[in-house]
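1. Provide a 3D model corresponding to the input given below.
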Amino acid sequence: MPASLASEASLRTAVTPCSPGSCSDQGSGQESEDAVQVRLEYAPVSRILALLYGAACYVVFLATFLYAIGFVGNVIVPKTIDSATSTSPAMALLIDALLLAVFAIQHSVMARPAFKRWWTRLVPQAVERSTYVLYASLALILLFWQWRQLPGVLWQVEDAVALQVVWAIFALGWLLVLASTFFINHFDLFGVRQVYLNFKQKMDAPGEFKTTWLYRFVRHPIMLGFIIAFWATPRMTVGHLVFSVGTTVYILIALRFEEHDLSVQYGSVYDAYRKRVPMLLPRLKSQKE
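-> Below you'll find the model as predicted:
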């Protein structure tokens, strides 16, 4: 589930080119860390490499996202959530739980503002978002590769009409995920916009808080889409249940941290939005703005 929420779409890169002699510490004759980062980001070769890196990270994300659909839906891809393995049930449960934990830790820790402040001392700010997307994709690839099947079927839909309905809901969930990224800023969310602006040597001001389309009805439609896609299956195995429960619990916990960050970033504007709009389940009657 690389990248997710509205606050993540508001990440901005705002750096200023150094003029000759302006990037050195007083009395030392050496460039500060921030000055070195600015100089590197605006060096022509560095800008091109950053752009290519950001594009490559986006391609990896896109391939991972498409594979995830097949993995969860048990269609097309060679390794799915219910692919047979020879691992014992106890070992399979342990491995699957660890894989989910790896993704959850990576996805949450790297999204925290404190980590970003430390991380951008090591990597150029222009590629920070792309690197986050890349690491999240690699964590998912590891999960796809090492996931173990757990035996047992909890339910299986046999009726032809009901089967079509379940598959339609499954497709709707994934469509909701993808569409919601465009309702905010898809290419900003996945780091492409940042490396492009860096390549063009353009500064970008911090984004204002916006609520468009589905964000007028629920605060986190991307996460709602994931939950729908993970639970809408015509054949619920024990392994699929472990995956669905684990990811749903993680989403509900992670949203609390994300909401805190949004409240800090946007203050009373987001607090009013949170009171007005539900987190995941839309209200039958909309409240007046």
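
2. what helix or strand is Leu66 located in?
-> Using DSSP states H and E, the element containing Leu66 is helix 44-73.

3. please compute how far that helix lies from its chain's middle.
-> Centroid separation between helix 44-73 and its chain, computed with C-alpha atoms, centre = their mean, to the nearest Å, is 12 Å.

4. same check, this time on stretch 177-190
-> Between the centre of stretch 177-190 and the centre of its host chain there is 10 Å, according to C-alpha atoms, centre = their mean.

5. could you pull out the strands for the stretch 51-200 of the chain?
-> Taking DSSP state E, counting those that start in this stretch as the test, the strands found in the stretch 51-200 of the chain are 153-156.

6. need the helices for it, in chain order.
-> 89-109, 113-119, 128-146, 160-183, 186-189, 192-199 (DSSP state H, counting those that start in this stretch).

7. give me whichever of the ones you listed is most buried.
-> Here the criterion is mean neighbour count by mean count of other C-beta atoms under 10 Å, and of the helices of the stretch 51-200 of the chain the winner is helix 192-199, at a mean of 22. Glycine gets a C-beta too; all of them are placed from N, C-alpha and C.

8. what is the rounded mean pLDDT of that one?
-> Helix 192-199 carries an average pLDDT of 89.

9. use 894 as the first number from now on
-> That works, and once the first residue is 894, the last one we named lands at helix 1085-1092.

10. relative to helix 1021-1039, how tilted is that helix?
-> Regarding helix 1085-1092 and helix 1021-1039, their directions subtend 140 degrees when assessed with axes from the mean of the first three to the mean of the last three C-alpha atoms, to 10 degrees.

11. check the offset of helix 1085-1092 from the chain's centre.
-> A distance of 18 Å separates the C-alpha centroid of helix 1085-1092 from that of its chain, computed with C-alpha atoms, centre = their mean.

12. if we can go back for a sec, of the helices of the stretch 944-1093 of the chain, which is nearest Phe964?
-> Phe964 sits nearest to helix 1021-1039 of all these, at 5.4 Å, using C-beta to C-beta.

13. just the residues contacting the closest one, thanks.
-> Contacting residues not belonging to helix 1021-1039 are listed as 894-896, 901, 904, 946-947, 950-951, 953-954, 957, 960-961, 964, 972, 988, 992-993, 995-996, 999-1000, 1003-1004, 1009, 1012-1013, 1016, 1081, 1083-1085, 1087-1088 [C-beta atoms under 8 Å, 6 or more residues apart in numbering].

14. what angle do that helix and helix 937-966 make?
-> Relative orientation of helix 1021-1039 versus helix 937-966 (the same axes, to 10 degrees): 40 degrees.

15. ramachandran coordinates for Met1003?
-> Backbone geometry at Met1003, expressed as degrees, to the nearest 10, gives phi -70, psi -10.

16. surely Thr1141 meets Ile1120?
-> Yes - with contact defined as C-beta atoms under 8 Å, Thr1141 and Ile1120 form a contacting pair (5.7 Å).

17. higher neighbour count, the two?
-> Taking neighbours as other C-beta atoms under 10 Å, Thr1141 and Ile1120 compare with Ile1120 leading, 19 against 15.

18. what distance do you get for that one to Ala1055?
-> As for Ile1120, its distance to Ala1055 is 20 Å (criterion: C-beta to C-beta, to the nearest Å).

19. quick one, what contacts Leu945?
-> Taking C-beta under 8 Å, 6+ apart, one finds nothing in contact with Leu945.

20. quick one: it and Ala956, what's the gap?
-> In this structure, Leu945 and Ala956 are 17 Å apart, going by C-beta to C-beta.

21. do Arg1128 as well
-> Distance from Arg1128 to Ala956, counting by C-beta to C-beta: 25 Å.

22. more crowded one of those two?
-> Applying other C-beta under 10 Å to Arg1128 and Ala956 shows that Arg1128 carries more neighbours, namely 15 against 12.

23. okay, now the nearest residue to that one once chain neighbours are set aside: neighbour count?
-> Nearest in space to Arg1128, with sequence neighbours left out and distances taken as C-beta to C-beta, 6 or more residues apart in numbering, is Gln1049 at 4.7 Å. By other C-beta under 10 Å, 11 other residues sit near Gln1049.

24. surely Gln1049 and His1133 touch.
-> No - between Gln1049 and His1133 no contact is recorded; they are 11.2 Å apart, counting by C-beta under 8 Å.

25. pull the helix or strand with minimum mean pLDDT from this structure.
-> When each helix and strand of the chain is scored by mean pLDDT, DSSP states H and E, helix 926-934 comes last, with a mean of 47.
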